[in-house]
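S.K.: attaching a predicted model along with its sequence, questions to come.
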Amino acid sequence: MEKNRVKITRTRVIETEVEVPETLDGFRTWEFTSGSTTGADFKVFAPLFRKFVRANLPRMSILADFSVGHYDLSGFIQREDRFVYFSISDVRHFPGRWAEQILVRTARDARDFTGGINNYTDLASFRVKVEFLLQRDR
């Protein structure tokens, strides 16, 4: 199975003059900056992850919500009256873990952060797992 990749033009982080990866895959081994404010590298990463999710939505579903936190991301995917919540934890502590351990679970709506049973997936299986959860009995 071919890995999904989202490509954007090369981006340069101006505040730190550090060149960051140009694809989501390039962030798999990246060690993110850390601090009391969100680093410029994460500000490049977050839109790449959002593009990945949009490119990997199951048929007839939409990205109902996408939230960027302090080095973490979450959102809701919707198909008709069914929802799936997804989340990646803080990317600073375990490089690449965000790509291998994406939390996904059913939800009642786009504000249900507790939802169903926790499931985990990786980037390569993201679309299939979300599709499975959207079809699952509640």
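M.R.: Sure thing, it's come through. Numbering: from 1, shown residues only.

S.K.: most centrally placed residue in this protein?
M.R.: By CA atoms, centre = their mean, the chain has its centre lying nearest to Phe49, at 4.8 Å.

S.K.: tell me who's in contact with Pro58.
M.R.: Shown in contact with Pro58 (CB atoms under 8 Å, 6 or more residues apart in numbering): 77, 79, 127, 130-131, 134. Yep, even glycine has a C-beta here, placed from its N, CA and C like the rest.

S.K.: again, only this time at 10 Å
M.R.: Listed by CB atoms under 10 Å, 6 or more residues apart in numbering, the contact partners of Pro58 are 77, 79, 84, 126-135.

S.K.: quick one: contacts for the nearest residue to the residue nearest to the centre of the chain once chain neighbours are set aside?
M.R.: Using CB to CB, 6 or more residues apart in numbering and skipping the chain neighbours, the partner closest in space to Phe49 is Leu73 (5.7 Å). Contacts for Leu73 (CB under 10 Å, 6+ apart) come out as 42, 45-46, 49-50, 53, 66-67, 86-89, 91, 98, 102.
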